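Student: got a sequence here, can you build the structure:
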Amino acid sequence: MVRSLFRALLLLLLLAPAWIAPAVAVFVEEKLDDPTLEARARDISAGIRCLVCQNQSILDSNADLAKDLRQIVRERVAIGESDTEVRGYLVTRYGDWVLLDPPFKLTTLLLWLGPAVIFILGAIAAIVFLLGRNRRPDDAESAGLSPQEEAEIDRLLDPEGHEQKS
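Tutor: Predicted structure coming up:
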């Protein structure tokens, strides 16, 4: 009984790569005949963001839209467009966001500088908070009490109710 269960498990483990492999493979109909053009298409695809997965390139994504975008890249490379022209075509259709490494310009300024600004503001806030916690008033003068308020406090704190002379 245990042997047959072990054999079934071993068979399952041996066949698992056969089930998984088609999911990660590049389909044959997607490949270009010329290896140089295929390498260019793959290089371009590695820098284009999958619009479904968002933080994955279309080269690595299995989404249907990524497959369509890979096909567009291959078609444009095959008709002789340069890498810049292919990227430009995709940017005109989808905006700078389609590039995994968007260019530094006024419209993407917040994208590039936002994390640094948030980090700096957070560090300043933390320093101000920590320094503010360590400063405590030592006496009534640092608390800014008037002489009348000090006298009232002294009167309330006197356990026997005697007035103190100043």
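
Student: quick one, helices of the chain?
Tutor: 2-24, 35-46, 64-78, 83-94, 109-134, 140-143, 147-157 (DSSP state H).

Student: give me the neighbour count for Glu160.
Tutor: As a burial measure, Glu160 scores 4 neighbours (other C-beta atoms under 10 Å). Every residue, glycine included, has its C-beta placed from N, CA and C.

Student: quick one: it and Leu51, what's the gap?
Tutor: Between Glu160 and Leu51 the distance is 81 Å, computed by C-beta to C-beta, to the nearest Å.

Student: now do Ser146
Tutor: Going from Ser146 to Leu51 by C-beta to C-beta gives 67 Å.

Student: what of Arg40?
Tutor: Separation of Arg40 from Leu51 (C-beta to C-beta) stands at 22 Å.

Student: ok, those two, which is more surrounded?
Tutor: More neighbours surround Arg40 than the other of Arg40 and Leu51, with 20 against 16 (other C-beta under 10 Å).

Student: for stretch 9-16, give me every contacting residue.
Tutor: In this structure, no residues lie in contact with stretch 9-16 by C-beta atoms under 8 Å, 6 or more residues apart in numbering.

Student: domains of the chain?
Tutor: Domain assignment for the chain by automatic domain parsing gives 2-103, 109-157.

Student: nearest residue to Glu30 in space, please, no chain neighbours.
Tutor: In space, Glu30 comes closest to Arg70 once its chain neighbours are excluded; the distance is 5.9 Å by C-beta to C-beta, 6 or more residues apart in numbering.
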